[in-house]
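Visitor: Take this sequence and fold it.
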Amino acid sequence: MLVLSVVVPVSGVLLAFILGDRYVRLIACAIVLLGLAISAAILVALLHSNGPIVYLLGDWPPPLGIALRADGLAAVMLATTAVVICAVAAFAAADFSATGTGRRASSTFWILLLAIWGALNTIFLAGDLFTLYVALELLTFAAVPLVSLDGHTETLRAAIRYLLFALLGSVLYLLGATLLYGLHGTLDIVLLSHRVGAQPAVLVAAALMTTGLLAKTALFPLHLWLPPAHAGAPTAASAILSGLVVKGSFFIIVRLWFNVMPGVPGFAATQLLAGLGGAAIVLGSVVALRQERLKLLIAYSTLAQIGYLFLMFPLAFGPSGQLESSGALGGGLLQAISHATAKAAMFMAAGCIYATLGQDRIPGLRGVGRILPIGVLAFAFSGLALMGLPPGGAFLAKELLLQAAAENGQWWWALVLQAGGVFTAAYVVLVLAHAVGTSDGATTPHSATSRIRELAALALALCSLLLGLAPWDAFLPIPQASAADKLGLDAVWKMLLLLVGGAVVAILLGRWDLPLTHPWRCKALRAVVGPIRRAGLSSSALLENCDDLLREWPVSCICLVSLAAAFGVLMRVAY
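Guide: Take a look at the predicted model:
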């Protein structure tokens, strides 16, 4: 089954090339269903096994051979990828025209979708660092063409930025892997975990590999390529890029820090990694509130949510002086799963809105809630899931991370976690307020969108919103008693506080274009809120200018080198 999860998508790519454009969508849909069944079978098999499932290619054990390994982390990521790709496939079936250039773009999309799926499955199952490198490069070279699928100048420029910066990250990763191989004579994850120590070469390798992977994940301040790439790509491609592609390099960081060298990074390096995540949450959320286009807002939301994923690293640093597979790790992986489903659904909902209105300017969304209720509902559900409201997976993930912060005495990360939820609520409230607001005139649909597309987005959003009810403790290191009260009064109270806080932040920092129906009632309130809002808008404009500066090539390259040096120094300080 492990081999099939990799071979089946790759075989679909080859078969599509052989049979041609006429059958590519049929082949892709058949492969999607088969891959979903294989992922479910691996989950079931892991439940009945006493440990990870291991397959030796050619029956040659490491270090001479290559092993595929499926533990709980890999199994849930395989299943999540299959579910998201299944929903995106249903959405994309009606997303391209059947003739001319549209037909060519359609066949290219399906081939690249299967290639990305095969690369991701290889990343989740690979048992050595070089196989991870090969799979990561396959993922990059399949994802970059998705950005420029429409052939526009802006998307071609965004794709080239993505490609060049990702290649810089690949060089750093490969340099680090080469150092480890020269020192220990193997790149197998299990064998390295027993041999890796605090040698200077290992610390340099860890710093190089981590920084290279952060560049591919687009963690602040290495997000040069992410906003234009995710916002400019076709909707189905944006859903895959945001929901799945960035999870590949993140998963390799988890493997590297938790499985290969859990005792190498040290406390200071984990704090730096989470600090970058916290900065990503603040900058990504504030800049998202300043966007006029819906897809660009969601792209910056992805930057913020990526930061959330890295808050688990200091919280998993135990008294033993190394990273432990505790509730913090389970919370971080659950956050990644919840983000994958919710963000893909959000992009799909935005695509339905764009197809209906012919534009995605946020001030122009007024009245769309009446003509596209299912699409707006899908956006709302995915936004609620991202906020961390019960019973969503992000809610359980946040509770696990908050528990870890309390146990480790790292209260500052608890504040960041809570602030991140408020920021998420702010830009979701901002969009929904415009979508359900009344329009000055009759809102005229530009074209009719397929009901299948709306339902695919809604189904995936509901999936994310109900993830907290799944038995995750069978696959992830999650205590059974964690966040048991998912629908009680305490959870409802937290939900209300989150929504109110988000509404306040949206009013103070967001771009509003809604009419005041009774302005005379608001004079006193506006006299108080007005100066605060002006100060908030000035601060958010400053952060937006900072983002523009960070996304310049010279600054991004300086940040890349500086982070590699900083990680190397901080890892050395621990010893």
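Visitor: tell me which residues in the host helix or strand of Arg533 are buried?
Guide: Following DSSP states H and E, one finds Arg533 within helix 523-550. Of all the residues in helix 523-550, those buried under the rule 16 or more other Cβ atoms under 10 Å are Arg533, Gly536, Leu537, Ser540, Leu543, Glu544, Asp547, Leu550. In short, each C-beta sits where N, CA and C put it, glycine included.
Visitor: backbone phi and psi for the nearest residue to Ala503 once chain neighbours are set aside, please?
Guide: In this structure, Ala503 finds its nearest non-sequential neighbour in Val429, 5.1 Å apart by Cβ to Cβ, 6 or more residues apart in numbering. Backbone torsions for Val429, taken as degrees, to the nearest 10, come to phi -60, psi -40.
Visitor: as a whole number, average confidence for stretch 210-223?
Guide: For stretch 210-223, mean pLDDT is 95.
Visitor: Now do that stretch: distance to the chain's middle.
Guide: Remark: stretch 210-223 is offset 13 Å from the chain centroid, using Cα atoms, centre = their mean, to the nearest Å.
Visitor: End to end on it, go ahead and measure it.
Guide: 15 Å (Cα to Cα, to the nearest Å).
Visitor: quick one: low-confidence parts of the stretch 401-550 of the chain?
Guide: 439-448, 480-489, 513-528 (pLDDT under 70).
Visitor: And the contacts of the host helix or strand of Lys494?
Guide: Using DSSP H and E, Lys494 sits in helix 489-509. Helix 489-509 has contacts (Cβ atoms under 8 Å, 6 or more residues apart in numbering) with 286, 289-290, 387-390, 395, 421-430, 433, 485, 529, 532-533, 536-537, 539-540.
Visitor: List the buried residues in it.
Guide: So helix 489-509, judged by 16+ other Cβ under 10 Å, has buried residues 491, 494-495, 498-499, 501-509.
Visitor: same deal with stretch 360-369?
Guide: Asp360, Ile362, Gly364, Leu365, Arg366, Gly367, Val368, Gly369.
Visitor: what's the closest non-adjacent residue to the last one?
Guide: Right, the one you point to is Gly369. With Cβ to Cβ, 6+ apart, the residue lying closest to Gly369 is Val436, at 4.2 Å.
Visitor: Share the number of residues neighbouring that neighbour, please.
Guide: Per other Cβ atoms under 10 Å, the neighbour tally for Val436 reads 16.
Visitor: That one against Leu377, yeah?
Guide: No. In this structure, Val436 is not within contact of Leu377 by Cβ atoms under 8 Å, at 10.5 Å.
Visitor: related to what we said a few turns ago, with respect to Ala74, which of the buried residues of helix 523-550 is nearest?
Guide: The closest of these to Ala74 turns out to be Leu550 (Cβ to Cβ; 33.3 Å).
Visitor: Which residues are in contact with the residue nearest to Ala503?
Guide: So Val429 contacts Leu499, Gly502, Ala503, Ala506 (Cβ under 8 Å, 6+ apart).
Visitor: Centre of the chain to the helix holding Lys494, how far?
Guide: 23 Å.
Visitor: okay, the angle between that helix and helix 523-550?
Guide: Relative orientation of helix 489-509 versus helix 523-550 (axes from the mean of the first three to the mean of the last three Cα atoms, to 10 degrees): 80 degrees.
Visitor: Can I get helix 489-509 in CSV, CA atoms only?
Guide: Taking Å, rounded to 0.1, in the frame of the first residue of the first chain, the C-alpha atoms of helix 489-509 are listed here in CSV:
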residue,chain,number,x,y,z
LEU,A,489,-20.7,26.8,27.9
ASP,A,490,-17.0,27.5,28.2
ALA,A,491,-16.5,26.8,24.5
VAL,A,492,-19.4,29.0,23.6
TRP,A,493,-18.0,31.8,25.8
LYS,A,494,-14.6,31.6,24.1
MET,A,495,-16.3,31.7,20.7
LEU,A,496,-18.3,34.9,21.5
LEU,A,497,-15.2,36.6,22.9
LEU,A,498,-13.2,35.7,19.7
LEU,A,499,-15.9,37.0,17.4
VAL,A,500,-16.3,40.3,19.4
GLY,A,501,-12.6,40.8,19.5
GLY,A,502,-12.3,40.1,15.8
ALA,A,503,-15.0,42.6,15.0
VAL,A,504,-13.2,45.3,17.0
VAL,A,505,-9.9,44.6,15.3
ALA,A,506,-11.6,44.6,11.9
ILE,A,507,-13.2,48.0,12.6
LEU,A,508,-9.9,49.5,13.8
LEU,A,509,-7.6,48.1,11.1
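Visitor: can you give me the strands for the protein?
Guide: Remark: strands assigned in the chain by DSSP state E are 53-56, 67-70.
Visitor: Mean neighbour count, the ones you listed: which tops it?
Guide: strand 67-70 (a mean of 23; mean count of other Cβ atoms under 10 Å).
Visitor: Now render the buried residues of helix 489-509 as TSV, adding distance to Ala105.
Guide: Output for these, formatted as TSV (distance: Cβ to Cβ, whole Å):
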residue	distance to Ala105
Ala491	44
Lys494	44
Met495	41
Leu498	40
Leu499	40
Gly501	42
Gly502	37
Ala503	40
Val504	43
Val505	39
Ala506	36
Ile507	41
Leu508	42
Leu509	37
